[in-house]
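I'd like to go over a predicted model; first the sequence, then the structure.
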2 protein chains.
Amino acid sequence: MTEQAFTRIQLNPPFLLFVGDVKEDAYAKTGFGIAQWRRSACAGQMRLSGCGVDLGLPDLDVASAGAAGVKTAIVGVAARGGVIPEYWLGSLAGLSRVGIDLAAGLHVRLADLPGIAAAAAVGRSALIDCRVPPKGISIATGRKRSGRRLLTVGTDCAVGKKYTALSLELELAKRGVAATFRATGQTGIMIAGSGIPIDAVVSDFVAGAAEALSPDNDPAHWDVIEGQGALHHPSYAGVSLGLLHGSQPDALVLCHDAARTSILGLAGYELPAIGKVIERNLDQARVTNPAVRVVGISVNTSSLPARDRRAWLEGLSHGTGLPCADPLIDGVAPIVDRLLATGRS
Amino acid sequence: MTEQAFTRIQLNPPFLLFVGDVKEDAYAKTGFGIAQWRRSACAGQMRLSGCGVDLGLPDLDVASAGAAGVKTAIVGVAARGGVIPEYWLGSLAGLSRVGIDLAAGLHVRLADLPGIAAAAAVGRSALIDCRVPPKGISIATGRKRSGRRLLTVGTDCAVGKKYTALSLELELAKRGVAATFRATGQTGIMIAGSGIPIDAVVSDFVAGAAEALSPDNDPAHWDVIEGQGALHHPSYAGVSLGLLHGSQPDALVLCHDAARTSILGLAGYELPAIGKVIERNLDQARVTNPAVRVVGISVNTSSLPARDRRAWLEGLSHGTGLPCADPLIDGVAPIVDRLLATGRS
């Protein structure tokens, strides 16, 4: 697919996934995510002495990464406290010095790490901070764009909006339907190799960023856009609403965690009923796309006893009239069935 | 009133209003606004040769401004194209050099104008860009704060949300009710001498900025918060929603322009019915304050024939059950009557 990059972050494959010397898989979730969802874009992994993690990719060093044609090394780990240990910097500088771009989603900018900017100047390589929005984002115009769009929305943060969107992209591809995952957060951007960290965009430009993220496309093409937050989230709802308006979605998939009854980290803020969440999302989505529909609910059921899972999802399905599935266990085929059945193809 | 500044822009009075040599009143709207709403904070105006505008304040030069104890000179004009003419810079640098802070809401930063940063270094004076959010804004916590809050919301941009809020503050003060206008845009900030330019805040922090803007206060005190945008605005609704959630308003006043039928500058986006706008605002405001009420509608009726104005407002009042008034013609007394009648005092 050829696309204009414009105002999106863009990482060029093939990728080298840098995991340092982290000891536990939990710290390498980003690396595992990239290896899972974009394996064909990954040339290898770089592990330092004592590393306890294996992404299942060929081990490369600076020389072999260069020889393998690696274009971008991605820091695929969350270091403790968000800080990169100093003894990792030599390897990262070495990659940068031979012309390999570096990408990371750290709290500090790559160029502010000792020796990195100098190495990038020598190698003429790029330093890509996936938490920093690209320049040139415009105010939203509200203009209707060609192509189709699906947005994953949520009952809260951390309910599987990214995972669901990636699963939907994969299921659509299996069925021969052209689809592109559109990333709105740093991890998604590293997986997709492209995107905009929407929550770091100045508030006036959030809807405009969503418009830039999913430009005009072929009439039958689906953009599957990673949602953020929730419309009733006391801290982040503005991000969610700007993303919803700018995405102009034809279809919504609601994401939920069966164990969640109140907003994560904000005791006293109970989640609204699913029906209310759907009503609010549809009401607001209609502002920029009156034809919007909800096509399914994606539920993390890991907290439920295995014997109750099926009945729980069936109950929710009876309550909402929507296909309900756990993407990790059931996949998202029932949701895609509904999407394509109700699509205007 | 003693208050902590924390994460708000703060301009220290007395003010000198700088109007350069602009020829028409329309370019000095900010200056007129400050002179109208904060006359007691204004020591004078500074006009250059050929200026066609008079704010009705004593004319001061650098020496007399210093002698008058001026603390802050405010650039109270919108120069053509948002650019300051070079021949204004000498006067501004002169003020800065004698220790008077400069405040402006330009597209460029004051420090980037030739000679200004050097002058400020000599005078140890501050350069305050009212479009630049203060540092240190946190993610919203959703914690309930003491004191009462009113937010002006709108059917669109440019429907009188700032003017209405200032009118409400004044009417409350007349009745002996403690009230503080809280500014969320650059002009409002220059009028109030304090505030946060909410649309320039990174989207993740908008609700948090609204929380910082109206901190804990006396139980009977009203913060009257300047609204921004509209919940159904395809470009800016995210800003409006974050501001609504973070403000936790006890009362809403809806602002409207009787002539407006579609979103300003976005043909094809019709305004929802007033009843729908009220419903959406109440629904979302209840997320952080279940006790929220709408207490009136403030309408710009300047487009209506004078003989129709009264009947038009009465019709709207019958349709909504709310006091409806044009703040420029009727004042906002009927709205404050409703506010205080339904208040939990």
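Ah, there it is. Because the structure is a prediction, the values reported are computed rather than measured. Numbering: from 1, shown residues only, chains lettered A, B, ... in the order given.

And the helices in the stretch 151-300 of chain A, which stretches?
A:161-174, A:186-192, A:206-213, A:237-247, A:274-285 (DSSP state H, counting those that start in this stretch).

Which residues does the shortest one contact?
Okay, so that is helix A:186-192. Residues from elsewhere that reach helix A:186-192 (C-beta atoms under 8 Å, 6 or more residues apart in numbering or on different chains): A:9, A:11, A:29-30, A:33-34, A:37-38, A:74, A:76, A:103, A:105, A:130-131, A:162, A:165-166, A:181-183, A:195-197, A:226. All C-beta spots, glycine's among them, are computed from the backbone N, C-alpha and C.

Can you say which of these are buried?
The neighbour count (16 or more other C-beta atoms under 10 Å in any protein chain shown) marks A:9, A:11, A:30, A:33-34, A:37-38, A:74, A:76, A:103, A:105, A:130-131, A:162, A:165-166, A:181-183, A:195-197, A:226 as buried among the contacts of helix A:186-192.

Tell me which of the residues you listed fall in strands.
A:9, A:74, A:103, A:181-182, A:195 (DSSP state E).

So for the residue nearest the centre of chain A, what's the pLDDT?
Geometric centre of chain A, nearest residue: residue A:188, 2.6 Å, by C-alpha atoms, centre = their mean. Residue A:188 carries a pLDDT value of 96.

Next: residue A:78.
Looking at residue A:78, the pLDDT reads 79.

Leaving out sequence neighbours, find the closest residue to it.
Excluding the flanking residues, the one nearest residue A:78 by C-beta to C-beta, 6 or more residues apart in numbering or on different chains is residue A:27, at 5.5 Å.

that's a helix at that neighbour, yeah?
Yes: under DSSP: H, G, I helix; E, B strand; the rest coil, residue A:27 sits within a helix.

And it, how far from residue A:267?
Computed as C-beta to C-beta, to the nearest Å, the residue A:27 to residue A:267 distance reads 28 Å.

Who has more neighbours out of these two?
More neighbours surround residue A:27 than the other of residue A:27 and residue A:267, with 18 against 9 (other C-beta atoms under 10 Å in any protein chain shown).

Name all residues that make contact with residue A:175.
Per C-beta under 8 Å, 6+ apart, neighbours of residue A:175: A:336, A:340.

hmm, try it at 7 Å
Each residue near residue A:175 by C-beta atoms under 7 Å, 6 or more residues apart in numbering or on different chains is listed here: residue A:336.

quick revisit: quick check, nearest of the ones in strands among the buried ones among the contacts of helix A:186-192 to chain B?
The closest of those to chain B turns out to be residue A:195 (C-beta to the nearest C-beta; 15.2 Å).

Which parts of chain A are strands?
Counting by DSSP E, the strands of chain A are A:9-10, A:15-20, A:42-47, A:72-75, A:101-104, A:127-129, A:148-154, A:179-182, A:194-195, A:222-225, A:251-257, A:293-300, A:324-325.

could these go into JSON lines alongside mean pLDDT?
Below are those laid out as JSON lines (pLDDT from 0 to 100):
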{"stretch": "strand A:9-10", "mean pLDDT": "95"}
{"stretch": "strand A:15-20", "mean pLDDT": "97"}
{"stretch": "strand A:42-47", "mean pLDDT": "98"}
{"stretch": "strand A:72-75", "mean pLDDT": "97"}
{"stretch": "strand A:101-104", "mean pLDDT": "97"}
{"stretch": "strand A:127-129", "mean pLDDT": "97"}
{"stretch": "strand A:148-154", "mean pLDDT": "98"}
{"stretch": "strand A:179-182", "mean pLDDT": "98"}
{"stretch": "strand A:194-195", "mean pLDDT": "96"}
{"stretch": "strand A:222-225", "mean pLDDT": "98"}
{"stretch": "strand A:251-257", "mean pLDDT": "98"}
{"stretch": "strand A:293-300", "mean pLDDT": "98"}
{"stretch": "strand A:324-325", "mean pLDDT": "98"}
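
Residue A:147 is in contact with residue A:219, correct?
Yes: the criterion here is C-beta atoms under 7 Å, and residue A:219 meets it with residue A:147 at 6.4 Å.

Out of the strands of chain A, flag the one nearest residue B:284.
For the strands of chain A, the distance to residue B:284 is smallest for strand A:148-154, at 15.2 Å, taking C-beta to C-beta.

Return the list of helices and strands in contact with that closest one.
On a contact count with 3 or more C-beta pairs under 7 Å, 6 or more residues apart in numbering or on different chains; DSSP states H and E, strand A:148-154 meets helix A:161-174, strand A:222-225, helix A:237-247, strand A:251-257.

Now render those as CSV, adding distance to residue B:208.
Conversion of the helices and strands packed on strand A:148-154 to CSV gives the following (distance: least, C-beta to C-beta, whole Å):
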stretch, distance to residue B:208
helix A:161-174, 22
strand A:222-225, 25
helix A:237-247, 10
strand A:251-257, 24
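
Tell me which of these lies nearest to residue A:67.
Between residue A:67 and the helices and strands packed on strand A:148-154, the shortest gap by C-beta to C-beta is with helix A:161-174, which sits at 30.6 Å.

quick one: buried residues of that closest one?
A:161-172.

Kindly report the same for stretch A:330-345.
So, applying 16+ other C-beta under 10 Å, buried residues of stretch A:330-345: A:330-332, A:334-336, A:338-339, A:343.

okay, these in JSON lines with pLDDT next?
Shown next, in JSON lines, are those (pLDDT from 0 to 100):
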{"residue": "A:330", "pLDDT": "94"}
{"residue": "A:331", "pLDDT": "97"}
{"residue": "A:332", "pLDDT": "98"}
{"residue": "A:334", "pLDDT": "97"}
{"residue": "A:335", "pLDDT": "98"}
{"residue": "A:336", "pLDDT": "98"}
{"residue": "A:338", "pLDDT": "97"}
{"residue": "A:339", "pLDDT": "97"}
{"residue": "A:343", "pLDDT": "50"}
